[in-house]
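Asker: fold the following, please.
(chains A, B, C and D)
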2 protein chains.
Amino acid sequence: MADRPRSRQIVDAARELLETEGADALTMRRIADRLGIRAPSLYKHFPDKQAVEAELIAQGLAEMADAQEAAVAAEPGQPLVALGAAYREYALAHPHLYRLMTAGPLPRHLLPDGLEARAALPLVKAVPDEHRARAVWAFAHGMVILELDGRFPPDADLDPAWRVGMATFST
Amino acid sequence: MADRPRSRQIVDAARELLETEGADALTMRRIADRLGIRAPSLYKHFPDKQAVEAELIAQGLAEMADAQEAAVAAEPGQPLVALGAAYREYALAHPHLYRLMTAGPLPRHLLPDGLEARAALPLVKAVPDEHRARAVWAFAHGMVILELDGRFPPDADLDPAWRVGMATFST
DNA sequence: GTCTATAGTGGGATAGAC
DNA sequence: GTCTATCCCACTATAGAC
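Answerer: All right, here's what the predicted structure looks like:
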């Protein structure tokens, strides 16, 4: 806590705001409030708001990659089922961050080299055919985002939908 | 053009703004500009902005339902393939409207009764198992939204991904 | 049904002093 | 690296006159 660099403190504050209150709360003013400073001071550490958001996206992608890698390591027999479960779990545990990561184009020029590829790698290894891999990703993302957006019936049990989807793609 | 009711003109102007410039351009001021009036005048015809958006969402859902119904009628042998193609085609033809229709919770209390169910019906008939139907919808929505958001590699040919997904769910 | 005027809120970002 | 002061922007929405 003590002397983490300011830039790190800023990203941490931004993340807590995002995760607890959502994207609307993620403003330069609110970030500064959390640190007990004024908003203009943030611009000594980051050129603009997008740069702060890019850090959060990078964190999310790295954590998602970790989760995916751990999932296949733990359940090598059914990689696709393990990947799907880990994907869903991470997204539902960090809904606002997941949205930030996936809504709109990635600011690729602001992300570490290779990060996007690393996040995709476990799926690519489990599903070598690229077209099939894209289809699986679309299924998983669609399930997550429709759930987060409250688009399924409120009482719908989604476990069977995940199961049938993952089973279908596993064959 | 002449004497369509003002409320209708407002919705038409809103739709043209949304479709041509995206959600950020859909403001009460811009709508009023298009009609040559001032923004406050709009509030004599609609209680608030959400009511205007709900009209657009209702239009989109109805048009999507039309497209789905026409698709199964034209290709009764492979309903799922026809539905997927029609879904994708409508979404890509109206990307901003599609986003408005699918991002966030539906304002169900502002939509005509039964409209949401009508839009879902062709898929429900083609895929009687509700879990499987949800999985198919998630796949289709995921494919569309990832494409609209530029998340697939820029040079990716998505036709094979759609084919493999639809074929997989058809068996 | 339109207008003017305005309230109220919020945002990102910069200049320049210290 | 922080501050104050400020700019400029934009939005939804209401009140009240005509």
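Asker: okay, CA-based contacts and neighbour counts for the rest of this
Answerer: OK.
Asker: hmm, whichever strand or helix holds residue A:139 in reach of chain B?
Answerer: According to DSSP states H and E, residue A:139 maps onto helix A:130-148. Yes: judged by CA under 8 Å from any CA of the partner chain, helix A:130-148 and chain B are in contact via A:131-132, A:134-143, A:146, A:148.
Asker: from those, which is closest to DNA strand C?
Answerer: The shortest approach to DNA strand C among the residues of helix A:130-148 next to chain B belongs to residue A:148, at 22.9 Å (CA to the nearest atom of the strand).
Asker: surely the closest one touches residue A:95?
Answerer: Yes: taking CA atoms under 8 Å as the definition, residue A:148 is a contact partner of residue A:95 at 7.1 Å.
Asker: before we move on, back to that, quick one: which two of the residues of helix A:130-148 next to chain B are the most distant?
Answerer: Within the residues of helix A:130-148 next to chain B, A:131 and A:148 form the most distant pair, 25.7 Å apart (CA to CA).
Asker: residue A:10 and residue A:63, how far apart?
Answerer: Taking CA to CA, to the nearest Å as the measure, residue A:10 falls 19 Å from residue A:63.
Asker: neighbours of residue A:154, how many?
Answerer: 8 (other CA atoms under 10 Å in any protein chain shown).
Asker: ok, now the one 4 residues further on?
Answerer: Residues contacting residue A:158 under the criterion other CA under 10 Å number 17.
Asker: in contact with the residue nearest to it when sequence neighbours are not counted, which residues?
Answerer: Closest residue to residue A:158 apart from its sequence neighbours, by CA to CA, 6 or more residues apart in numbering or on different chains: residue B:131 at 7.5 Å. Shown in contact with residue B:131 (CA atoms under 8 Å, 6 or more residues apart in numbering or on different chains): A:158, A:160-161, A:164.
Asker: out of those residues, the closest to residue B:47 would be?
Answerer: residue A:158 (36.3 Å).
Asker: next, give phi and psi for the closest one.
Answerer: Note on residue A:158: its backbone torsions stand at phi -90, psi -10 [degrees, to the nearest 10].
Asker: next, see if stretch A:64-80 gets close to chain B.
Answerer: No: Stretch A:64-80 lies out of reach of chain B by CA under 8 Å from any CA, never closer than 14.9 Å.
Asker: run through who's touching that stretch.
Answerer: A:82-83, A:86-87, A:90, A:118-120, A:122-123, A:126, A:166, A:170.
Asker: and residue A:27, how far from residue B:73?
Answerer: 50 Å.
Asker: higher neighbour count, those two?
Answerer: Comparing residue A:27 with residue B:73 by other CA under 10 Å, the one with more neighbours is residue A:27, at 15 against 12.
Asker: and the more buried one, how far is that from residue B:166?
Answerer: In terms of CA to CA, residue A:27 sits 42 Å off from residue B:166.
Asker: over to residue A:170?
Answerer: Taken as CA to CA, the span from residue A:170 to residue B:166 is 14 Å.
Asker: okay, the two: which has more neighbours?
Answerer: Higher neighbour count among residue A:170 and residue B:166: residue B:166, with 21 against 15, using other CA under 10 Å.
Asker: residues in contact with the more buried one?
Answerer: For residue B:166, counting by CA under 8 Å, 6+ apart, the contacting residues are B:80-81, B:84, B:136.
Asker: can you tell me which of those is nearest residue B:53?
Answerer: residue B:84 (25.9 Å).
Asker: counting neighbours, what do you get for that closest one?
Answerer: Neighbour number of residue B:84 under other CA under 10 Å is 22.
Asker: mind listing what's buried along whichever strand or helix holds it?
Answerer: Residue B:84 is part of helix B:79-93, with elements assigned from DSSP H and E. Buried residues in helix B:79-93, counted by 16 or more other CA atoms under 10 Å in any protein chain shown: B:79-88, B:90-92.
Asker: repeat that for stretch A:59-73.
Answerer: So stretch A:59-73, judged by 16+ other CA under 10 Å, has buried residues A:59-62, A:64-65, A:67-69, A:71-72.
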